[in-house]
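Enquirer: With the sequence up front, the predicted model follows.
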There are 4 protein chains.
Amino acid sequence: MVNIGFIGCGQMGRDHIDRIANRMGNAHIVAIYDLNRAAAEKAVADFGLDAKICDSADELIHAPEVDAVVMASRNDAHLEPLLACIEAGKPVFTEKPMTIDGADSWKVVEAEVKAGKKLVQVGFNRRYDTGYEQMKEIIDSKQIGELLCGDCRHFNAQAATSYYRTDNVVNDTLIHECDILHYLFDDDYKAVEIKCARQNRLNPNGAENLREPQIAIIEFQHGAIVTVEANVNCQYGYDIQCRLVGESGTVSLPDVATPEVRQAERIYHSISSDWFARFLDAYDKEMRAFLNRVERGEEPSGQMATAWDGYVANVAADAMLESLHNGGRVEISLPERPALYA
Amino acid sequence: MVNIGFIGCGQMGRDHIDRIANRMGNAHIVAIYDLNRAAAEKAVADFGLDAKICDSADELIHAPEVDAVVMASRNDAHLEPLLACIEAGKPVFTEKPMTIDGADSWKVVEAEVKAGKKLVQVGFNRRYDTGYEQMKEIIDSKQIGELLCGDCRHFNAQAATSYYRTDNVVNDTLIHECDILHYLFDDDYKAVEIKCARQNRLNPNGAENLREPQIAIIEFQHGAIVTVEANVNCQYGYDIQCRLVGESGTVSLPDVATPEVRQAERIYHSISSDWFARFLDAYDKEMRAFLNRVERGEEPSGQMATAWDGYVANVAADAMLESLHNGGRVEISLPERPALYA
Amino acid sequence: MVNIGFIGCGQMGRDHIDRIANRMGNAHIVAIYDLNRAAAEKAVADFGLDAKICDSADELIHAPEVDAVVMASRNDAHLEPLLACIEAGKPVFTEKPMTIDGADSWKVVEAEVKAGKKLVQVGFNRRYDTGYEQMKEIIDSKQIGELLCGDCRHFNAQAATSYYRTDNVVNDTLIHECDILHYLFDDDYKAVEIKCARQNRLNPNGAENLREPQIAIIEFQHGAIVTVEANVNCQYGYDIQCRLVGESGTVSLPDVATPEVRQAERIYHSISSDWFARFLDAYDKEMRAFLNRVERGEEPSGQMATAWDGYVANVAADAMLESLHNGGRVEISLPERPALYA
Amino acid sequence: MVNIGFIGCGQMGRDHIDRIANRMGNAHIVAIYDLNRAAAEKAVADFGLDAKICDSADELIHAPEVDAVVMASRNDAHLEPLLACIEAGKPVFTEKPMTIDGADSWKVVEAEVKAGKKLVQVGFNRRYDTGYEQMKEIIDSKQIGELLCGDCRHFNAQAATSYYRTDNVVNDTLIHECDILHYLFDDDYKAVEIKCARQNRLNPNGAENLREPQIAIIEFQHGAIVTVEANVNCQYGYDIQCRLVGESGTVSLPDVATPEVRQAERIYHSISSDWFARFLDAYDKEMRAFLNRVERGEEPSGQMATAWDGYVANVAADAMLESLHNGGRVEISLPERPALYA
């Protein structure tokens, strides 16, 4: 049984609280914190938690009854608590992205290296999606040889109002690709370029605020090239596509299974606009993996995204932003990977 | 080059005339006949034919310039011209069904046996559909072992007014299955049973006139069992499905290929209501096969439906009608297959 | 939190123990019983349970710390514990089938009616499969009108040795269809017939021991007809198919989503032979539904299979067995549904 | 009836001869020419043609019995005969590409403009593929709004030995995309860039001779961006994919329909390596369109690729080659489109 300290009670946070309280067999939330105390109180009441409401992330992290920390606060509030967890030697799960940029993420890596221990696990949930898991297995088996190229597509039905900034296509959307492609290819990035395609007029707030679709051209150290389309106002649904080409074959992420209906001169499957529902199982599996490894006293490994992975994703996103702002291809170079993450 | 005498200038007939005149390289229509002379005249004018208009099927069949006959007249007008063609030694292609029942079709078989030559080819066009051809190839390769069972489904968007008689579900629709299943299984029928399912209220003329959907349960001599659903008011499209189960796998008729569209929370492919368009290629290939074998002086063989096949389909349909009228399972027994059709 | 008494520690039982212990947030197994005490001891050790090992089902059911019972013992050992649970007023979840036949199941119904309370929930897990849930939603919305007919197919890669009896095709396989079709159609059965198709030679123990595939023809009170194929030696995988036809459209159970691979002249998706994995999520959701309703003090409702549903499935299976043994169509008539299950 | 002069009796030429001789109803090949006279003689013999063998393309073009010319000679032998046909006022169908580069193709355009008449039709056969036709119809209907972006993929199982030059990925493969994308988007190109992805080791002749896969990034004047992958040693089959994204939905080229087989833990469709078979129907429809418009005395229009289209494709390919050789993004600017092609 793992005693959890929980930070951040917004929409994503409440979803994780529900998950931990009701769908995991081996965890209790014993302490909770939100910058807005009322949000923490509401979560305690709504989910019937027997948890202490803390006055600061620091108090929560250092509470002796807290075995491990789960964090779903705002992106820009991740860094300090992560460093505090590492300092305190407590395992921590943070929602993605690990921090707001490569420079901050490097501080997390450095802290872990100094501590000599991997404590941080980043919530790049796609790694736990069954479809991506199966793709990874096929890729790693080398049955289709080395990966050479590929194309991915991201579709949101509509961009949320809060999303309405051109940079968010990189920060909130392409960041997922930055992690999952690094994970699937098991290779580092060499360069990226972002191009804005013809503007979608169904973008309700105007092109000046949100330029999209964006096309990312991603080059890997070993030469593979992947193109990614990020469409955030496609109208039709939430749709994640990934098709990779190996030397002797291709592999593609499956669509979500839904009944086939034949009606009104169409053969169709429904596709939902609900991004949250799309990866619900992945979120469950990811949290279960975190709790189980904490219970067994293990460091993050295998499928889990470490602080290094979080850093790699941030560095790639930084380069994408530079390309988005200044145009052209931006090269990426990473420091040597510390032995801790070998 | 084959000189064709053409009988029957209705909708189906005009389609075949267009086919022969404009899409085949090796045939000329040199004589034409329709019970309604005006229809023949109109066809000659519309398609710019250089063809003699005959006063009877008999005149046409015996015209010395006619090498072979193509017949698209009404089902109940097939028998006499077929017998005349056999008598005259002229190859003949007739639209399906060969005649109106097993008794009449037996007369055609007897005439051919007496003549010692296969001249008749029956227009069971599905045999030339690429999807069915590929299924046949897979089945014949025995890669999935012997066929054990299967289910087929026939869907018309709406029954035509002219179709509005319960027997027509057998006569016009299930007759296709009677031929294609016999062809795919390469086995004879042992028994059939027809059951009427819950009546579709979207049947515009009332259940008393057209009881459907009908479910056919078809048993083969070697034990295989196939169920067939015939839906003739399904509203959504013209849709032909066939899924067969072998000892180590299954094989299914493909849907018609159309673009995938993702729009309005659906991933869809269009399906047409146009039954004619569905098998257009098959009609072309079937006619080309007929003309080529006539040009080479060959008897019908292989993929082509012979008079014996036409007879087998009629006998099965007769048994289905008996079951439809009287209920219960109806056994089928055939006379020995004449050596001519071995 | 629900305190569970658990009966039956075989393969299925151990799976449920793992589920309750590790994937549900609101249940503890506090007592356990198996006819073979060693099996119970092993389960306690393997899953680290803090549970009392009981000497009888009765002792377990009456233990004051047991709030509810979960039962995964052999089919023929269900009846007495079910009656004891009802007598004791304790909610009980039993693996399917509820009992070995309609007569025994009727005793359970009578006991509940006498008690005036629904306590029994039957583990017809397909009701909780996401694909079937989505089909049910589409059907209940009436978007395709009333259901008229359909066909279902069940495929096992190989029949287990323990399965090797012709009756088991009904008892272990078709019983699932007996429940799910009743559930999807929301209609009672009128008649069934079983026909044995051509024997699969890949059946390793010989046809005399296991005649299959079997074809079931199922008629509903409102006239719908469904055909079911049960193939238990299909070699290729575990595959559950269900396609239903309404007045204006059709709806089909989706295949399990797996990556598309293009390699070696094939475009393919993998299909597993593992029947257990196929419905893992459904088992989880079903158990969660049981625990949640017990925690809230509610009787089974909605999606859950009640004792009445368990009885209906057993009666249909009895009729199938009669047809299998004696041939022909067997009519089904049910007593009036008690008001408790209205 | 159209009397055809035929130039070029290689593989592609023989296929067109077979098509014209045996599958079109309204054309005769009356004259034939090949640089290698024996090839022409063999074609006449093999296909039973009643055609004069000419000593030069010029002799053939000017033969009074020749109504129209069909040309399947080598790419670098197209220009002179095209100019001669225009001079002679004879309709001509040439295999793609129209000439070897934009400069030569411009001479054809100029000649037509001078003649004041469109005579040339270029064999960009994909325009007649049913899948592309259906995509075009959906796009032109504006049901998914304006096109914003997209990705296409080209796969050959193996590159032919004759193909083994890096430039041929552009000249023989991407040239198809240069035409079909221009056609589907109904927009001009703004810029292209070619990047070579990780080299496929299954390339038998070595990377120095054939660098591939190649990734093309294609920008349109109105802002749309399409990425194209050209894989010419993918091993698994001949596979043409095209997925385009509009403002409210996406549309994709369908795969070729083949039976679904379920066997050996796979659900699969076959995909052929035969590129010729893939577009057989398109070749037929394209030739029929040519012959019919010639018979009716019409200039090329609508779906047909004109000399202008041939020029546009060559210009785009020239820019691709420049990028391939020198790296980077290459802008494309076209002269004003002559009124003849408005």
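Expert: All right, it came through fine. Only a predicted model underlies this, so the values are computations on that prediction, with no experimental measurement involved.

Enquirer: A:His222: neighbour count?
Expert: A:His222: 15 surrounding residues under other CB atoms under 10 Å in any protein chain shown. For every residue, glycine as well, the C-beta is placed using N, CA and C.

Enquirer: same deal with A:Asp76?
Expert: Number of residues near A:Asp76 (other CB under 10 Å) recorded here: 10.

Enquirer: can you give me the helices in the stretch 201-342 of chain A?
Expert: Using DSSP state H, counting those that start in this stretch, the helices of the stretch 201-342 of chain A run over A:275-278, A:280-295, A:307-326.

Enquirer: Name the residues of the shortest one that come out as buried.
Expert: With burial defined by 16 or more other CB atoms under 10 Å in any protein chain shown, the residues of helix A:275-278 counted as buried are A:275, A:278.

Enquirer: then that helix to CSV, C-alphas only?
Expert: Extracted as CSV, the C-alpha positions of helix A:275-278 are listed here (Å, rounded to 0.1, in the frame of the first residue of the first chain):
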residue,chain,number,x,y,z
TRP,A,275,-9.7,13.5,-25.9
PHE,A,276,-9.9,12.5,-22.3
ALA,A,277,-11.8,9.3,-23.0
ARG,A,278,-9.4,8.4,-25.7
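
Enquirer: Can you give me the distance of A:Arg198 to chain C?
Expert: Distance check for A:Arg198 against chain C: by CB to the nearest CB, to the nearest Å, it reads 29 Å.

Enquirer: ok, and the closest non-adjacent residue to that residue?
Expert: Closest residue to A:Arg198 apart from its sequence neighbours, by CB to CB, 6 or more residues apart in numbering or on different chains: D:Gly223 at 3.4 Å.

Enquirer: re earlier: return the most buried member of the helices of the stretch 201-342 of chain A.
Expert: The highest mean neighbour count among the helices of the stretch 201-342 of chain A, using mean count of other CB atoms under 10 Å in any protein chain shown, belongs to helix A:307-326: a mean of 23.

Enquirer: which residues touch A:Ala317?
Expert: By CB atoms under 8 Å, 6 or more residues apart in numbering or on different chains, A:Ala317 lies in contact with A:97, A:101-102, A:170-171, A:174-175, A:178.

Enquirer: now with 10 Å?
Expert: The contact partners of A:Ala317, by CB atoms under 10 Å, 6 or more residues apart in numbering or on different chains, come to A:97, A:100-102, A:105, A:167, A:170-172, A:174-175, A:177-179, A:192.

Enquirer: mean pLDDT lowest for which of the helices of the stretch 201-342 of chain A?
Expert: Lowest mean pLDDT within the helices of the stretch 201-342 of chain A: helix A:275-278, at a mean of 90.

Enquirer: So which residues on the stretch 201-342 of chain A come close to chain D?
Expert: Residues of the stretch 201-342 of chain A lying close to chain D (CB under 10 Å from any CB of the partner chain) are A:201-203, A:212-215, A:217, A:219-231, A:233-237, A:239, A:241, A:243, A:245-250, A:328-329.

Enquirer: can we see that at 7 Å?
Expert: Counting by CB under 7 Å from any CB of the partner chain, the residues of the stretch 201-342 of chain A close to chain D are A:201-202, A:213, A:215, A:217, A:222-225, A:227, A:229, A:231, A:235-236, A:245, A:247-249.

Enquirer: Those residues in strands, which ones?
Expert: A:215, A:217, A:225, A:227, A:229, A:231, A:245, A:249 (DSSP state E).

Enquirer: how many neighbours does the residue of chain A at minimum distance from chain B have?
Expert: Per CB to the nearest CB, A:Tyr268 is where chain A lies closest to chain B, at 3.7 Å. A:Tyr268 has 25 neighbours, counted by other CB under 10 Å.

Enquirer: What about the contacts of A:Ala317, which are in strands?
Expert: A:Val192.

Enquirer: Mind checking which of the contacts of A:Ala317 are buried?
Expert: Listed as buried from the contacts of A:Ala317 are A:97, A:100-102, A:105, A:170-172, A:174-175, A:177-179, A:192; burial here means 16+ other CB under 10 Å.

Enquirer: Hmm, which of these is lowest in pLDDT?
Expert: A:Asp172 (91).

Enquirer: how about it, what does it touch?
Expert: Going by CB atoms under 7 Å, 6 or more residues apart in numbering or on different chains, A:Asp172 touches A:Tyr163.

Enquirer: Quickly note the distance from it to A:Gln235.
Expert: Going from A:Asp172 to A:Gln235 by CB to CB, to the nearest Å gives 19 Å.

Enquirer: can you check A:Gly206 too?
Expert: 17 Å.

Enquirer: One more: A:Glu59?
Expert: 46 Å.

Enquirer: more crowded one of the two?
Expert: Relative neighbour count places A:Gln235 above the other of A:Glu59 and A:Gln235, with 22 against 15, counting by other CB under 10 Å.

Enquirer: With the flanking residues excluded, which residue is spatially nearest to the more buried one?
Expert: D:Ser248 (4.1 Å).

Enquirer: how many other residues sit next to the one you found?
Expert: 21.

Enquirer: That one contacts D:Ile144, correct?
Expert: Yes: with contact defined as CB atoms under 7 Å, D:Ser248 and D:Ile144 form a contacting pair (5.4 Å).

Enquirer: and the residue of the stretch 201-342 of chain A nearest chain D?
Expert: For the stretch 201-342 of chain A, CB to the nearest CB, closest residue to chain D: A:Gly223, 3.4 Å.

Enquirer: That residue is in contact with D:Asn200, isn't it?
Expert: No: using CB under 7 Å, A:Gly223 makes no contact with D:Asn200, being 10.4 Å away.

Enquirer: which one of the ones in strands among the residues of the stretch 201-342 of chain A next to chain D has the most neighbours?
Expert: Neighbour tally across these (other CB under 10 Å): the maximum, 29 neighbours, falls on A:Val245.

Enquirer: ok, what's across the strand from it?
Expert: For A:Val245, the beta-bridge partners are A:Cys149, A:Thr250 (DSSP bridges).

Enquirer: residues near the residue of the stretch 51-200 of chain A found nearest chain D, how many?
Expert: Among the residues of the stretch 51-200 of chain A, A:Arg198 lies closest to chain D, at 3.4 Å counting by CB to the nearest CB. Neighbour count for A:Arg198, taken as other CB under 10 Å: 22.

Enquirer: Alright, that wraps it up for me.
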